[in-house]
Each structure stands twice: as C-alpha cells, then as structure tokens.
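S.K.: Quick one: sequence plus predicted model below, questions after.
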Amino acid sequence: MQTGRGDIAYVRKFEYNDLDRIVSLANSTLAEYYSHELIFDISEQWRDGFMVYVFRDEIAGFIAGSRHSQTEARVLLLAVDPDMRRIGIGTALMNDFMKLCRDQGMMSIRLEVQTQNTDAIVFYRKLGFVIISTMKKYYTDLSDAYAMWRLL
C-alpha cells in the first residue's frame, strides 16, 4: 500500500473524516442506500480492510471488506468515481486488498455483484474471480446477485 502523502495518487486506510465523501460516493455509484451509520459500522468491522484511493487530494474510490471467516475475506463495497473509471483505481484497490488478505493468512475472497452489472463482472473476472452461485432477489430492489470467489 502506498502511503506517501506527497504522491498524486495513493491508497491509504480509511479515516473518519472521509465518511461524508465515502457515503456520497457509495450512494451515487452503488445500487443500495448507505447511511453514515452503516458506513461507520462497516469501517469498524475490519479497519485494515477499509481503504481509499486518493487522487490529487480527493477520494476517487474505496473498498471495504470484512473477515468472512478465519481463512476467507469478503468485499462488502467497492466504488470508483464514474469520472475516474477505467484508469486502474479499482484494480489498485483490489490488489492492495488482496495483498492485505494474503499477508493476514487468508486463502480466498468472496463478493456479490448484481447479475446485470456486466462491467463489474468483467472487472472481477479479470482479477481471477469466478461465479459460484446466483442469489435470487438479493438486493433491496429484488434484483439478483452473483456470488463470486477467488483463491489467493
């Protein structure tokens, strides 16, 4: 993980003063609604697993994960500002998250993605994730999700 504040772009751990931007980014890019309280609770689950991508002193994306079990992590949220997509931010976040998981002895990662979100599915497949099941009516709008999984 890059930590140099002098860099133009870097990944760092979530800080509490990031909360407003994270909530705004989540609610403008993800299908579900996320309150400040929910994002805060997620951040408390696994502080190391909540990272932000900073570009020119602005948060351009974030990833929030949890420990699903002793050997498996779960990506709960991944969002990138729509104006900043396709330049490697999501990949950088996922790579740092996967490294963290490996460093902490985890063996796999799982996540859920809407079945109609083909861009995200292609993105995760490029990172080595495979679809392992379909969950009917998973989201609040009753859309389906794929569970995807990757061995580390």
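M.R.: Alright, I've got the coordinates. Everything quoted here is computed from the prediction, not taken from an experiment. Numbering: from 1, shown residues only.

S.K.: Need the contact partners of the lengthiest helix in the chain.
M.R.: Taking DSSP state H as the assignment, the helix of the chain that covers the most residues is helix 89-103. Residues from elsewhere that reach helix 89-103 (CB atoms under 8 Å, 6 or more residues apart in numbering): 1, 11, 48-49, 51, 53, 55, 60-63, 65, 73, 75, 78, 80-81, 109, 123, 127, 150, 152. C-beta: built from backbone N, CA, C; applies to glycine.

S.K.: what's the average pLDDT for that helix?
M.R.: Per-residue pLDDT values over helix 89-103 give a mean of 97.

S.K.: Show me how far it is from its chain's centre.
M.R.: 9 Å (CA atoms, centre = their mean, to the nearest Å).

S.K.: Could you list the buried residues of it?
M.R.: By 16 or more other CB atoms under 10 Å, the buried positions in helix 89-103 come out as 89-90, 92-94, 96-98, 100-101.

S.K.: What is the nearest of those to residue 142?
M.R.: Within those, the smallest distance to residue 142 is 26.2 Å, found for residue 90 (CB to CB).

S.K.: For residue 59, identify the helix or strand it belongs to.
M.R.: Element membership for residue 59 (DSSP states H and E) is strand 58-67.

S.K.: and the next helix or strand after that strand, what does it pack onto?
M.R.: Counting by DSSP H and E, the next helix or strand C-terminal to strand 58-67 is strand 72-80. On a contact count with 3 or more CB pairs under 8 Å, 6 or more residues apart in numbering; DSSP states H and E, strand 72-80 meets helix 19-29, strand 58-67, helix 89-103, strand 108-114.
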